[in-house]
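K.L.:
Generate a structure from the sequence data that follows.
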Amino acid sequence: LLLDEPLGALDQKLRKQMQVVLKRLHERLRITFIFVTHDQEEALVMSDRVAVINRGRLEQVGSAEEIYDRPSTRSVAEFMGVENFFEVRFAQQDNGEARFESHSGAPLWAQFSNGLALGSNATLAVRPEAVRLLLRSPHPAPRNLLAGEVVEAIYEGGSRRWAVQLAGGERLVVREANSRHPAAEAIPRGTRVHISWDPAKSLVFPHESPLRLNSRGPLTR
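P.N.:
The predicted model follows:
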């Protein structure tokens, strides 16, 4: 059964109700559903397997958890809600962690180098919800620690979202639940802050071509 964005015209409440109806229908009929959507949350909720296609190219196929936690390319990460990207160079391997340098020279750390050779260029990314907003520099300083200024502060109901302009010129988005940051309302635009995240939350993408569909054979590069 092909469903081409069947819930796109519905309001949020009705859309969530119909998602449950369709999942129950799928379980009862026990036939293949191909569900087309541009909504990342809907893709995760509805699917046993997710296929991400970008400009006619199949970039990744896997479970919802695999696609969300381990996106294989930048475009897959963008579809899954990643907003923060740095163009970097692989500079050092140290105690199982990889150090990268951004264009501004800022050191950025990841748990894995994703098979890169030293000196290689790559893209390092981090999810907004993985970044912590700090009013003062912690001691001792963690691996990933950058200074900047809040240029945008948005209340989203259960969470708040900030855009932080970094000293090197990059802009980084932070999203935190209100319950996790009780002093959130005291961080308006213009506040000088520090941001930090665990190297295990860094995603590293080598500069390479994605998978593409080959009608005469298996998936190729």
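
K.L.:
per-residue confidence at the residue positioned nearest the centre of the chain?
P.N.:
Note on the chain: the residue nearest the mean C-alpha position is V82, at 2.4 Å, using C-alpha atoms, centre = their mean. In this model, V82 is scored at 95, pLDDT.

K.L.:
helix or strand right after the one helix or strand L58 maps to?
P.N.:
Secondary structure from DSSP states H and E places L58 in strand 57-62. Moving toward the C-terminus from strand 57-62, the next helix or strand (DSSP H and E) is helix 64-69.

K.L.:
List the buried residues for that next one?
P.N.:
In terms of neighbour count (16 or more other C-beta atoms under 10 Å), helix 64-69 has its buried residues at 64, 67-68. For glycine as for every other residue, the C-beta is placed from the backbone atoms N, C-alpha and C.

K.L.:
Same list, those residues, but as JSON lines with pLDDT and distance to H103 please.
P.N.:
Compiled in JSON lines, the buried residues of helix 64-69 are given as follows (pLDDT from 0 to 100; distance: C-beta to C-beta, whole Å):
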{"residue": "A64", "pLDDT": "94", "distance to H103": "33"}
{"residue": "I67", "pLDDT": "94", "distance to H103": "29"}
{"residue": "Y68", "pLDDT": "93", "distance to H103": "28"}
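
K.L.:
residue contacts, N121?
P.N.:
Each residue near N121 by C-beta atoms under 8 Å, 6 or more residues apart in numbering is listed here: 87-90, 207.

K.L.:
give me the beta-bridge partners of it?
P.N.:
Beta bridges link N121 to R89 when assigned by DSSP bridges.

K.L.:
returning to that earlier point: quick one, what contacts the residue nearest to the centre of the chain?
P.N.:
So, once contact is read as C-beta under 8 Å, 6+ apart, V82 ends up touching 71, 125-127, 203.

K.L.:
Since that was my last question, I'll sign off now.
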